[in-house]
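Participant: Sequence and predicted structure, then a few things I'm wondering about:
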Number of protein chains: 2
Amino acid sequence: MRGVNETTQVHPPGDGAAEARSRRDTRARIQQVAVELFTEHGYDATSLREIAERLDVTKAALYYHFKSKEDIVASLVEDYFGQIDALIAWAREQPPSDEVRGEILRRYVRIVAEQDRVLRMLHQNQAAVHTMAVAKRRGELFKERMHSLVDLLAGPGATLEERLRATMTIGGASIGWTFYGGQAVDREELGALITSLACDFARLPRPTAPAGPPGS
Amino acid sequence: MRGVNETTQVHPPGDGAAEARSRRDTRARIQQVAVELFTEHGYDATSLREIAERLDVTKAALYYHFKSKEDIVASLVEDYFGQIDALIAWAREQPPSDEVRGEILRRYVRIVAEQDRVLRMLHQNQAAVHTMAVAKRRGELFKERMHSLVDLLAGPGATLEERLRATMTIGGASIGWTFYGGQAVDREELGALITSLACDFARLPRPTAPAGPPGS
DNA sequence: GTCTATATAACGATAGAC
DNA sequence: GTCTATCGTTATATAGAC
């Protein structure tokens, strides 16, 4: 068994070599198919038999790559929340300012954009995921991190209205992407638009740099 | 078997007579317990045995009141989406104006506030609910209605930015309520605050009447 | 309207060969 | 790394007594 996570991307790069991936990385293919089926039919309603059939292997083969059904989800959860936690950690060591708050929103939207398939799956199976061991280990996944982000965005002594504004901003950005991210619109443009609207909601000036170099 | 729905409230009024409800309306108590367990552990992970045990009856008794496990959820779906569909139908026969758009948001928040337990349950089990027969019968539950509301809020020839603004407004309002609705804040105040912030996001003036008589 | 008892089916997971 | 075969468990749903 490999470790539970090696920051594997769910959907492979797909740039070149569109064919020669017959059994190159079965683990990533399992994750990919699992995300699709868990999103479409739900985590519990998706059996390992279904996943195995779509990959033309048997159930037992899946158990070579993941020690349980939950472990497939756990690997995805680590990917997504690892990035969110990194964002929160970064934001906590910045001096509070409107520039930093705008940057938080920009980075948040970028994470949502990159991980949108996984995020949608997690959202659609929140209750099921919440009961898993990985949720115990990493805390209340969505709620806890939402509150952290809200604190960072609204500041420590914020009123209920200010915290609500931050919550609705972040929530709106997530919902906005999950509704339009799967459609045939330019993803770059969509991300910029959502970031811009989020700043507007939060009463922040738009970030000056359109796309700074990844320094995180 | 009764009809699938009689617009039963999930949590009984609870005004007076806090005790004399021993076996008065078992059907409503089943719904109530089911919402709780489906929200906490997920739809598929909650067995009818668990529901029955918490009510001190047997599984077979549940089948007297609901023809299947799905039918319990279906009755709740009809409650919630019936109200949303009524809102959409009402909005469609109004002349478009900022007053009407503000009123749409006000009514939307009121529905979310009234049905928050059911809404949270539906959100946390979206994938599972989506595969049910009731979803086939009533169309893509969340997506379809979100688009209808967005069209009504942004107008027919709206740009992508305008539709995104409407989507993020509605999404933000839902998320805002589900995060703070369960806490010890005044629900009336919270609803007013969220409505006000939603109008701000949507660039609408606040509705003039603070709480009009229920005429819908 | 609620009970006991049971039919039928599918699931997650493991053992051990290759 | 993938296979066949199977174990043990639990689920939804029904039949029929009371």
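Facilitator: Here it is on my side, so go on. The model shown is predicted, which means the values in this text are computed figures rather than measured ones.

Participant: Tell me the residue of chain A that sits nearest DNA strand C?
Facilitator: Residue of chain A nearest DNA strand C, by CB to the nearest atom of the strand: A:S47 (3.1 Å). Any C-beta I mention is one placed from the backbone N, CA and C, and that applies to glycine too.

Participant: Tell me, how many residues neighbour that residue?
Facilitator: When neighbours are counted by other CB atoms under 10 Å in any protein chain shown, A:S47 registers 13.

Participant: Before we move on, what's the pLDDT of it?
Facilitator: Note on A:S47: pLDDT of 97.

Participant: Quick check on it: phi, psi?
Facilitator: When read as degrees, to the nearest 10, the backbone of A:S47 gives phi -90, psi 160.

Participant: Tell me the spacing between it and A:A133.
Facilitator: Distance, A:S47 to A:A133, by CB to CB, to the nearest Å: 20 Å.

Participant: Same check on A:L149?
Facilitator: In terms of CB to CB, A:L149 sits 24 Å off from A:A133.

Participant: which of these two has more neighbours?
Facilitator: Taking other CB under 10 Å, A:L149 and A:A133 do not tie; A:L149 has more neighbours (21 against 11).

Participant: ok, now which ones touch that one?
Facilitator: Contacts for A:L149 (CB atoms under 8 Å, 6 or more residues apart in numbering or on different chains) come out as A:87-88, A:91, A:104, A:108, A:166, A:170.

Participant: go again using 10 Å as the cut-off
Facilitator: A:84, A:87-88, A:91, A:104-105, A:108, A:166-167, A:169-170 (CB atoms under 10 Å, 6 or more residues apart in numbering or on different chains).

Participant: And for A:L204?
Facilitator: By CB under 10 Å, 6+ apart, the neighbours of A:L204 are A:98-105, A:153, A:169, A:198.

Participant: Is there proximity between the one helix or strand A:H123 maps to and chain B?
Facilitator: Assessed by DSSP states H and E, A:H123 sits inside helix A:116-124. Yes. Contact of helix A:116-124 with chain B (CB under 10 Å from any CB of the partner chain) involves A:120-121, A:123-124.

Participant: Packing partners of the helix or strand just after that helix?
Facilitator: Remark: after helix A:116-124, the chain's next helix or strand is helix A:126-130, criterion DSSP H and E. In this structure, helix A:126-130 packs against helix A:69-92, helix A:116-124, helix A:133-138, helix A:141-154, helix B:26-41, helix B:116-124, helix B:126-130, with contacts taken as 3 or more CB pairs under 10 Å, 6 or more residues apart in numbering or on different chains; DSSP states H and E.

Participant: mind running it again at 7 Å?
Facilitator: When contacts are defined as 3 or more CB pairs under 7 Å, 6 or more residues apart in numbering or on different chains; DSSP states H and E, helix A:126-130 packs onto helix B:26-41.

Participant: what's in contact with the helix it packs on?
Facilitator: With contacts defined as CB atoms under 7 Å, 6 or more residues apart in numbering or on different chains, helix B:26-41 is touched by A:127, A:131, B:8, B:10-12, B:46, B:50-51, B:54-55, B:62, B:65-66, B:72, B:75-76, B:117-118, B:120-121, B:124-125.

Participant: how much space is there between A:I84 and A:R110?
Facilitator: Counting by CB to CB, the gap from A:I84 to A:R110 is 11 Å.

Participant: I appreciate the help and will end here.
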